[in-house]
Structures are given as structure tokens and as C-alpha cells.
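Engineer: please find the sequence and the predicted model below.
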Amino acid sequence: MALISLTLKHAKKYWTFIVAVLVLQLLSTIATLWLPSLNAQIIDKGIAVGDTDFIWRTGGIMLLAAFGQLIVAVGAVYFGARTAMGVGRDLRREVYRKVDSLSTLEATKFGAGTLITRGTNDVQQVQMLVLMTLNFMVSAPIMMIGGIVMALREDAGLSWLVWVSVAVLAVIVSLLVWRLLPLFRVMQDKVDAINGVLREQIMGIRVVRAFVREPFETKRYDVANREITDVSLKVGNIFVMMFPIIMMVLHLATAAVLWFGGYRVEAGDIQVGSLTAFLQYLMQILMAVMMGVFMTMMIPRAVVCAERIRELLDTESSQSFPDSETVASPAAGQIKFENVTFGFPGAEKPVIADASFVAEPGKTTAIIGSTGAGKTVLLNLMLRLYDPQEGSITIDGAPVDALTRAQLARTVSLVPQRPYLFGGTIASNLRFGRTDANDAELWEALRVAQGEDFVREKELGLEEPVSQGGTNVSGGQRQRLSIARALVAKPLVYLFDDSFSALDVATDARLRAALPDATEGATTIIVAQRVSTITEADQILVMEGGEIVGRGTHDELLATNEVYQEIVRSQLEEAEAA
Ligand code: UTP
Ligand code: MG
């Protein structure tokens, strides 16, 4: 079972703590069980006969026992918490590492939402159960059995009261828990639902605003919100009932003990002190029963969570990177595709079909093609965001899958089509690919990327805060920062995926004029929409439906390639229309 195997695996490390918890809890329970009987002795052998000496002596022992019990109980909770939190931390770390090692394909299949929940909430549920188990696993059974033994020792004649009240309490609490469990499950679903609605609304806030969808979205949220309120109210109602009912059982049990015990005291069968002790033991037994039931209540939820974590941890990444460098790092940056074919799992048609080309260092290779032609996927293959099913991709003759992650990252820098910036500052984002770059280098990269002016205008300059995803800068600014980020890294290979689309024609021209100097000697691959952006390229690849249907310089393609001619014609018409 996932819960047991997961927790045992991680708890092993903390076995010393666990032994400490067990021993301390054993001591604490023994002390707790001892106290009522000491109390009984004070009453029966001290107060009843007027032996003050005995009262002092036994009272002193009681005080010591109570104090000792306090200390060991605190110790038990301390080590229990250390263990549970430690297990939680290790489990979270394992989940994080796993998520980190997943390939883009698996990560997308799970989805960000559930990966986050599994790494946080689910782990927390398991951690909670470990904590409760450590706190009650030892004490509840000992308290229960010990309590029964001690109670019977005080007065066997009243034993039927123990059985009756334990049975009544167990039945009542179980019934309530049985009603609660399905509600808890529904509640988890509703929490998921409300998170989902909220998440989508925050992510899509601009679209929601633009389409004035607030009333609709608000209603969607209200529905989810009302559902969760309803379930919570039902749960609340049961809890509200639970405590008075439990208290009632306890009080009725007390009354019964006093009632029947009173007769027995009168008859001289037991002493008053024994009756007091019996009553205290009965309370301890009932408490233990309650703790036991509550614990079992937590188990189903933790089981579900553990299974979800297990499922994630058992997912094997379809990609592996070598741990240490087995081939020399590329020194020139020649990219070579040989008969590369790639399709997304489950899709019928490959997205890249039999692609072969070479991109030489110091040269610019441009890729052009209609939307959905496979340009982005082609670039992603070079970075091993996906691995091809057939064919080989090499850099300076070394297969890309022989390079470590670090080697690959040092060699190739991508300016993605949808640039993403990380929470931090402009400087921290620019240094993403090379942490030791100095400010002058950052400014130089910004100058080339045409981002210098707007960063200079910022009050804090390079230290200007950037929000997660880069949502506090404009789309064009994000694109320029993302270009600068690639330039700072000074890789051998630059991949620009439609990186100039958000720039106006004049800025685009200035950027392209500055780029060759900055990327001197490097392999540059540019995906472009506008033919005007790539007329100077040393080699142009024309893509259509995942295939490379033409290659050559602008003039060659213009003379021979129909697809290219079509693209040029449509863009000319657009320009004329404008
Ligand atoms: P691309 O994303 O490579 O197209 O997707 P592109 O050439 O760059 O297009 P633009 O110019 O940016 O718009 C190629 C094909 O791969 C599929 C898409 O359906 C598309 O037809 N695809 C892409 C997937 O199936 N899953 C993905 O995650 C991405
Ligand atoms: Mg694309």
C-alpha cells in the first residue's frame, strides 16, 4: 500500500526519534495510568484513616509522577513532530526532484495544478497522519488496555459499566464518522473545483476583462463557492452534534458509576477512593476510544493522497540526461539534423517528418513557414524539450542526448516564442544563463536587444522588480528582455523563435543590424514570420506540414520554390494593401 511504503521509506531515517517517541510515550502513559490509583490510595489509606504522613508521602509521589509525565509527554510530542515534519520535508523534496526530472511531455500530461497539489497538500495530509500515528498509536491502545486492567483491579464488580459505555461511545462516534467520510471526500473535490475556477480566472484575467466575462465567471465562482459552503455546513452540523453527544455519554457514564458505585460503597464492597479511581480510568478509556476512532477517520484521506504521490513518483521520465560529462563540450556549435522524425504520443501524424539540415557556426539559418508547420517543435528538439522518435541530432558531431543538461544549456540559448520571465529583478532574469555576468555586459546585451531605453527609464534600472511570468512588463519589453537574456549567456548556438514579432519595423531593423556583431561566430537560427527579416540569411529553410520543403538563399528560393513564392506574394499584397 502506497501510504505504508511511502512513510516507512522516509521514516527509516528517523528511527532514533521514533524509538524515543515510543519509549517516552510508554512512560507517559504508565504515569497517567498510575495517578488515579495513587489518588485512590490517598483517599482510602490517608483521608479515610486520618494518616497525614501517608497523605504527604503519597501526595509527593503523585506530584513527582505528574511532573515526570508532563516532561516525557512534551518530549514525545517534540520527537513526534520532528519525525513527521522531517518525513514531510523529505517527501516534498522527492516530489520536487521528480517533477524537475520529468520531461516536458509528462509534466504537461499531469498538468501544473495537480503537480502543485501533490507536492504540497497531499504531502501535508500524509505528514499529518504520521504525526497523529506517532502521537496516539502507542498511547491509545496502552491507555485503553491499561485503563481496563486498572479499572477492573479497582473494582471488578462494575466492569459491565466499562463494556457498556465503551460500546455505546464507539457505536455513536463510528456512526458520525461514517456520515462524515463521504462529506470529506466531496469537500476535497469542491476545494479542487474552487481552486480550478480561481486559478483559471487569475491566469486569464486579461481575457476575462477584455470579453467582459466577469458576470459569467462570477457566477461560476459563486456556484463552486456555494457548493463548498453547503458541504462545510453539513460537516459543521455533524461536528456540532458530535461533541454534545460525546459529552453526554461521558456524563451518563459518570452518573452510572456514581449511582451503582454508591450502592457498592454503601454495601462495603469497595472504598470511596477506588470508586474515584475507577471513574478516572473509565474517562481515560473513553478518551482512548475516541482518539482511536478519530485516527481511523484520517486514514482514508491520507491513503488517497499517498496514492496520488506514489503515482507521480512512479512515473518514469521518458528522457534521461547523463549525470557526468561523457563527451567533450561542443566548441564550435554546428547543428546537424539527420532524418529526424518526431510526433506527439498518441498523434497519428508526425509533427516533424524526416528533417535533415546543417546549421553552420558563424552563419544564420532562417526558418519560415505557415502557422503550425512545426517550427517551434524543431527548435525545441535541439534543446531536448522533446526527443525524436527517429533520426539523430548532433552538435559538433556529439549526439545531443550524450550531453549533460549543463553542457546543453551552455551551448544553446533559446528565445522562446512566448517569452517567460521569472519573479525577481531585471538583472536576475538577464543573468539566468550566466550568473557571473557583470552589469556592463547586461547593459550591452540590452543595447543590442533594443531594451536599453526602457530599462534606463525604470526608477531602479537593472534592479527593477519583475513579477512571476513577467506580467508587469509589456509583451514587447518581455521579448526584448528575453533576447537580452540569451545574449548574456553567450552560447555557441542562438535560437530565436519568432522573437521579433512584437517589434515595430524600425526597431526590428535596428535589432537586426546590431545582432551580427553580438552573435559573431555563433550559429544563429531564426524563426521568422516576415520575409523581410530573413532576406540576408545564409540559408533559409521553408517548412510546411512538418516537412522541410525548400532550402537555399532568398534569391534561390524566390526563383525555384513555390511555397516560398506564395509566402512572399501574400506578404507583398499585405504591404501594398497597407
Ligand atoms: P509548432 O508549435 O511547431 O508550430 O507546432 P509553429 O510552426 O511554431 O507555428 P507558429 O508559427 O508558432 O504558429 C507544430 C504542430 O505541432 C502540434 C500543433 O498542432 C502543430 O500543428 N503541437 C504543438 C502539438 O500537438 N502539441 C504541442 O504541445 C505543440
Ligand atoms: Mg511557433
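Structural biologist: Sure thing, it's come through. Ligands and ions are numbered 1, 2, ... in the order given.

Engineer: and the residue of the stretch 251-400 of the chain nearest ligand 2?
Structural biologist: The stretch 251-400 of the chain approaches ligand 2 most closely through T376 (3.1 Å), counting by CB to the ion. (Glycine included, C-beta is placed from N, CA and C.)

Engineer: any chance you could map the helices in the stretch 51-200 of the chain?
Structural biologist: 52-101, 104-110, 112-117, 123-136, 139-154, 159-203 (DSSP state H, counting those that start in this stretch).

Engineer: possible to save those as JSON lines with distance to ligand 1?
Structural biologist: Shown next, in JSON lines, are the helices of the stretch 51-200 of the chain (distance: least, CB to the nearest ligand atom, whole Å):
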{"stretch": "helix 52-101", "distance to ligand 1": "18"}
{"stretch": "helix 104-110", "distance to ligand 1": "7"}
{"stretch": "helix 112-117", "distance to ligand 1": "14"}
{"stretch": "helix 123-136", "distance to ligand 1": "29"}
{"stretch": "helix 139-154", "distance to ligand 1": "52"}
{"stretch": "helix 159-203", "distance to ligand 1": "17"}
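
Engineer: please identify which of those is closest to I299.
Structural biologist: helix 123-136 (6.8 Å; CB to CB).

Engineer: so that closest one versus helix 52-101, what angle?
Structural biologist: For helix 123-136 against helix 52-101, the angle by axes from the mean of the first three to the mean of the last three CA atoms, to 10 degrees is 160 degrees.

Engineer: got a list of what M143 touches?
Structural biologist: The contact partners of M143, taken as CB atoms under 8 Å, 6 or more residues apart in numbering, are 29, 32-33, 284-285, 287-288.

Engineer: kindly recompute the last result at 10 Å.
Structural biologist: 25, 28-30, 32-33, 136, 281, 284-285, 287-289, 291-292 (CB atoms under 10 Å, 6 or more residues apart in numbering).

Engineer: who in the protein is up against ligand 1?
Structural biologist: 344, 351, 369, 371-377, 417, 498 (CB under 6 Å from any ligand atom).

Engineer: the same query, at a cut-off of 5 Å, please.
Structural biologist: Contacts of the chain with ligand 1, taken as CB under 5 Å from any ligand atom, map to 344, 351, 371-377.

Engineer: out of the contacts of M143, who's nearest ligand 1?
Structural biologist: F136 (48.2 Å; CB to the nearest ligand atom).

Engineer: isn't T507 right up against S499?
Structural biologist: No: judged on CB atoms under 10 Å, T507 makes no contact with S499 at a distance of 11.9 Å.

Engineer: between those two, which one's more packed in?
Structural biologist: S499 (26 against 14; other CB atoms under 10 Å).

Engineer: torsion angles phi and psi at the more buried one?
Structural biologist: phi -80, psi -10 (degrees, to the nearest 10).

Engineer: now do the same contact list for the residue nearest to it when sequence neighbours are not counted.
Structural biologist: Closest residue to S499 apart from its sequence neighbours, by CB to CB, 6 or more residues apart in numbering: V415 at 4.4 Å. V415 is in contact with 379, 449, 479-487, 494-500, 526-527, counting by CB under 10 Å, 6+ apart.

Engineer: now do A513
Structural biologist: Neighbours of A513 in contact, by CB under 10 Å, 6+ apart: V448.

Engineer: for D314, same thing?
Structural biologist: Neighbours of D314 in contact, by CB under 10 Å, 6+ apart: 2, 98.

Engineer: and whichever residue of the stretch 401-550 of the chain sits closest to ligand 2, what's its pLDDT?
Structural biologist: With CB to the ion, the shortest gap between the stretch 401-550 of the chain and ligand 2 falls at Q417, namely 4.7 Å. pLDDT for Q417: 91.

Engineer: surely T326 is in a strand?
Structural biologist: No: assignment of T326 by DSSP: H, G, I helix; E, B strand; the rest coil gives coil, placing it outside any strand.

Engineer: which residues in the chain form strands?
Structural biologist: 335-342, 352-359, 364-369, 390-395, 398-399, 412-415, 424-425, 465-466, 493-497, 523-527, 539-544, 547-552 (DSSP state E).

Engineer: any idea how far the fourth one is from the chain center?
Structural biologist: Centroid separation between strand 390-395 and its chain, computed with CA atoms, centre = their mean, to the nearest Å, is 34 Å.

Engineer: residue ranges with poor pLDDT in the chain?
Structural biologist: Applying pLDDT under 70 to the chain flags the ranges 188, 578.

Engineer: residues in it within reach of ligand 2, list them.
Structural biologist: Counting by CB under 5 Å from the ion, the chain comes close to ligand 2 at 376, 417.

Engineer: same thing but at 8 Å, please
Structural biologist: By CB under 8 Å from the ion, the residues of the chain that approach ligand 2 are 371, 375-377, 417, 497-498, 527.

Engineer: pull out the buried positions in stretch 502-518.
Structural biologist: 502-503, 508, 511-512, 515, 518 (16 or more other CB atoms under 10 Å).

Engineer: could you do stretch 427-445 as well?
Structural biologist: Counting neighbours by 16+ other CB under 10 Å, the buried set in stretch 427-445 is 427-433, 437, 441-445.

Engineer: max-length helix in this protein?
Structural biologist: helix 214-266 (DSSP state H).

Engineer: and the buried residues of stretch 427-445, which two are furthest apart?
Structural biologist: Across the buried residues of stretch 427-445, the longest distance by CB to CB is 17.4 Å; it joins S428 and E444.

Engineer: coming back round to it: in helices, which of the residues of the chain next to ligand 1 fall?
Structural biologist: Residues of those located in helices (DSSP H): 375-377.

Engineer: name the nearest of those relative to T108.
Structural biologist: Nearest to T108 among those is V377, at 13.3 Å by CB to CB.

Engineer: isn't the closest one right up against F342?
Structural biologist: Yes: with contacts counted by CB under 10 Å, V377 reaches F342, the gap being 6.7 Å.

Engineer: shared neighbours, those two?
Structural biologist: With CB under 10 Å, 6+ apart, V377 and F342 have common neighbours 350-352, 355, 386, 388, 546.

Engineer: now flag whichever of those residues is closest to ligand 1.
Structural biologist: V351 (4.0 Å).

Engineer: residues near that closest one, how many?
Structural biologist: 19.

Engineer: hang on, E536 packs against A528?
Structural biologist: No: because the distance of 11.3 Å does not satisfy CB under 10 Å, E536 is recorded as not touching A528.

Engineer: would you mind telling me which of the two has the busier surroundings?
Structural biologist: Ranked by neighbour count (other CB under 10 Å), E536 and A528 place A528 first, with 22 against 12.

Engineer: this completes my enquiry, with thanks.
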